[in-house]
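1. Could you work out the structure for the sequence below:
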Amino acid sequence: MTTCVINPQWNKGEPRLSPAGILAVNPSDSTVFPELAKRHGLQRAFLFNAGLYSGDALFLAGPAVGAPMAVICLEKLIALGATRIVLYGWCGSLIPSLRVGDLFVPTGCLSEEGTSSHYPPPAHPFDESFSLALCNALSTKGYQTKRGAIWTTDAVYRETRDKVQRYGTQGLMAVDMEYAALRAVAAFRGVSLAAVLLVSDELYHQEWTPRFHQKTFRTESKNLIDQLCALIQSSELGTI
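-> Below you'll find the model as predicted:
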């Protein structure tokens, strides 16, 4: 077995996390963390240049934009006790049937980031049960989710029109910057990972169509994180 020089670990003085929680990768979402932490009874702790709030039945961490930083945060969260992690973020749509404001739950991925290749593939297939539980829990609250494969890339400014069209015709529905890498880590470490991504922009038009700057979108994103926190604390996700 390969021996790594540096390994993620719990250190004296650091919190012991509840098993279930949320890694929210977008910086704009993290601005509401203090408000959400107060509402859900979470205490602030240190997590690199991200925020970490922990409680008896929930943790909330982020931001962590891009595969490398997201993986560093996920590794540390696992070392602190996390075993059921919900990735929350935004994604761009590659196809007309996926629109701004839709909720997308990845079921597979194409990796064009540089982090996941450093994690050996697991001996067993990725466990989708936590992802299915997330969809079911959201549906009980009136949320509808769309499921499919996602393209994960480090190079947001190299999402070419050719790739958008080609990947869309090949069955990829969306694009993000973290999911494939976090999925690889979760499989390697033997923990459960589910992702719910709010569609923030549409890339399949002649001109890029972003909506993430709109106040209504930001409010919807905040409300969704709040709902995910409530679902985990109510054990609707925490028992998987």
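2. Tell me who's in contact with the residue nearest to the spatial centre of the chain.
-> Residue closest to the average C-alpha location in the chain (CA atoms, centre = their mean): Leu87, at 2.2 Å. If a contact means CB atoms under 8 Å, 6 or more residues apart in numbering, then Leu87 has 22-23, 25, 178-179, 182, 193-197 as its contacts. Yep, even glycine has a C-beta here, placed from its N, CA and C like the rest.
3. counting contacts, what elements does the longest helix anywhere in the chain pack onto?
-> In the chain, taking DSSP state H as the definition, the longest helix is helix 215-233. Here helix 215-233 touches strand 20-24, helix 27-30, helix 33-40, strand 84-93, helix 129-140, strand 192-202, going by 3 or more CB pairs under 8 Å, 6 or more residues apart in numbering; DSSP states H and E.
4. Poorly predicted segments of this structure, please.
-> Applying pLDDT under 70 to the chain flags the ranges 1, 235-240.
5. switch the cut-off to 80
-> The model of the chain has pLDDT under 80 over residues 1-2, 123-125, 235-240.
6. follow-up on the earlier one: only C-alpha atoms, please: export the longest helix of the chain in PDB.
-> Taking C-alpha atoms only, helix 215-233 is exported to PDB below (Å, rounded to 0.1, in the frame of the first residue of the first chain):
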ATOM      1  CA  LYS A 215     -31.300  38.600  -5.600                       C
ATOM      2  CA  THR A 216     -34.100  36.000  -6.000                       C
ATOM      3  CA  PHE A 217     -31.500  33.300  -6.900                       C
ATOM      4  CA  ARG A 218     -29.400  34.100  -3.900                       C
ATOM      5  CA  THR A 219     -32.500  34.000  -1.600                       C
ATOM      6  CA  GLU A 220     -33.500  30.600  -3.100                       C
ATOM      7  CA  SER A 221     -30.000  29.300  -2.500                       C
ATOM      8  CA  LYS A 222     -30.000  30.400   1.100                       C
ATOM      9  CA  ASN A 223     -33.400  28.900   1.700                       C
ATOM     10  CA  LEU A 224     -32.300  25.600   0.200                       C
ATOM     11  CA  ILE A 225     -29.200  25.400   2.600                       C
ATOM     12  CA  ASP A 226     -31.500  26.200   5.500                       C
ATOM     13  CA  GLN A 227     -33.900  23.400   4.400                       C
ATOM     14  CA  LEU A 228     -31.000  20.900   4.000                       C
ATOM     15  CA  CYS A 229     -29.900  21.800   7.600                       C
ATOM     16  CA  ALA A 230     -33.400  21.100   8.900                       C
ATOM     17  CA  LEU A 231     -33.600  17.800   7.000                       C
ATOM     18  CA  ILE A 232     -30.300  16.500   8.500                       C
ATOM     19  CA  GLN A 233     -31.300  17.600  12.000                       C
END
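7. Fine by me, we can end here.
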